[in-house]
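**Q** show me the folded form of this:
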Amino acid sequence: MKVLYVKVSERKKANSIITKIIEENGKRYVIKSAMYEEGARHIENIVDNADTLRYLYSRQYSLSKIIDYDRKRKEVKLEYLDAEPLSYQYRDCIKRQNVAALIELIDEHKQLLRVSEDNICLFHETDLSRKVFGDMSFFEGAPALKITNWEATPKNIYKINNTYVFTDYEWVFDFPIPIDVVYYHIFINACYTTFLGMNDFFPKEKMMGHLRICEESENAWNNFYINYYSTFGEWVDYSRYKKNSITLEALLHLPEENRAQNKYIENLKQGWETDNKKLNEEITKGQELSLQVDSLKKECTEMKIINENLFKTNSEYKNYIDILEKRLRYLS
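**A** Numbers count the residues shown, from 1 in each chain. All right, here's what the predicted structure looks like:
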């Protein structure tokens, strides 16, 4: 067996896996294995997900095949697809600066995510949706997917013999998820961290507008990433997986994606800096208003004292006038 590629996914222990591309007797395969005992269920989920998606895709699409599942070794062996993924078409649109072709591709990709109208429902919160995405009561009654292939990103969809084939189906959810949240994950998170020049060519705000994605979708995605997916708040030892190197051939494809990710992070930083500047300006305005309010309060207090003194003086004058009137009546 010859190992051609190794990737370590830094996630929570229950989700942390190692992905390898190997070659045996001239054929290539993909092997996904759990890094920790806690990840055994995650690998088993891949097998279960295949059954779920085969049922969902039975009329139109297909999956990369599972060759073998070794429960004891906590690993699954999958078919390697020797074809160009959908991501190549995205890169081509960006390279040619063809907005019309990109929009057409996005709309086609949207249908791949929806699968069919039978997979559409109205969203209602469940215990699972709250566990994975947090409070999504905002989406109550909005269009949702009954079954979601969460990793149906451009890199994981292939067109082979006029049929779409899906691979890397680690994450499949069989409870309602708002379509907006799915679109945010696929078209905002995945695309803008993968494709160099995407934001300059087709800004994130424009993509959000085209897909009519609401801002609350980002909150739901952040909850998924921080609380359910990533290693935040959980210590993971990767020291025994230092050899997570890849071949030179694979490395040639990485700089573009790394630059895209760095560009996306830079755009986020710039956005945060802009928001932070606006927030500081609002805070300064608030402080100025607070000083003005304090000044007005002081003036009001002074005016109150002056008014009380005037009232007192006015009362004294009234008594004095009464006395004078009495004297005038007496004299007359």
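**Q** what's the helix or strand for the residue positioned nearest the centre of the chain?
**A** Centroid-nearest residue in the chain, with CA atoms, centre = their mean: W221, separated by 3.4 Å. With elements taken from DSSP states H and E, the one containing W221 is helix 216-223.
**Q** which residues touch that helix?
**A** Here helix 216-223 makes contact (CB atoms under 8 Å, 6 or more residues apart in numbering) with 132-134, 136, 138-139, 178, 180-181, 183-185, 188-189. Glycine gets a C-beta too; all of them are placed from N, C-alpha and C.
**Q** try 7 Å
**A** Outside helix 216-223, the residues that touch it by CB atoms under 7 Å, 6 or more residues apart in numbering are F133, G134, M136, F138, D180, V181, Y184, H185, N189.
**Q** now it: buried residues?
**A** With burial defined by 16 or more other CB atoms under 10 Å, the residues of helix 216-223 counted as buried are E216, S217, E218, N219, A220, W221, N223.
**Q** tell me which of the residues you listed is nearest to R59?
**A** Set against R59, the nearest of the buried residues of helix 216-223 by CB to CB is S217 (28.4 Å).
**Q** neighbours of S62, how many?
**A** A count of nearby residues for S62, using other CB atoms under 10 Å, gives 16.
**Q** re the thing from before, now render the buried residues of helix 216-223 as a markdown table, adding pLDDT and distance to A14.
**A** Putting the buried residues of helix 216-223 into a markdown table (pLDDT from 0 to 100; distance: CB to CB, whole Å) gives the following:
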| residue | pLDDT | distance to A14 |
| --- | --- | --- |
| E216 | 93 | 27 |
| S217 | 94 | 25 |
| E218 | 92 | 24 |
| N219 | 92 | 23 |
| A220 | 93 | 20 |
| W221 | 93 | 19 |
| N223 | 90 | 17 |
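**Q** okay, these in a markdown table with distance to K298 next?
**A** Shown next, in a markdown table, are these (distance: CB to CB, whole Å):
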| residue | distance to K298 |
| --- | --- |
| E216 | 43 |
| S217 | 48 |
| E218 | 44 |
| N219 | 42 |
| A220 | 48 |
| W221 | 49 |
| N223 | 46 |
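**Q** and which of the residues you listed is nearest V8?
**A** Nearest to V8 among the buried residues of helix 216-223, with distances taken as CB to CB, is W221, at 22.9 Å.
**Q** distance check, that closest one against G141.
**A** 20 Å (CB to CB, to the nearest Å).
**Q** sorry, back to before: widest-spaced pair of the contacts of helix 216-223?
**A** The two members of the contacts of helix 216-223 with the most space between them (CB to CB) are F138 and N189, at 19.0 Å.
**Q** low-confidence ranges in the stretch 101-250 of the chain?
**A** Where the stretch 101-250 of the chain drops to pLDDT under 70, the residues are 231-250.
**Q** tell me where the protein has strands.
**A** Counting by DSSP state E, the chain has strands at residues 2-8, 17-24, 27-34, 62-63, 66-70, 75-79, 120-122, 143-145, 148-149, 157-160, 163-166, 172-173, 177-178.
**Q** which residues does the fourth one contact?
**A** Read it as strand 62-63. A50, L53, R54, Y57, T163, V165, F166, Y169.
**Q** what strands flank it, and is each parallel or antiparallel?
**A** strand 163-166 (parallel) (DSSP bridges).
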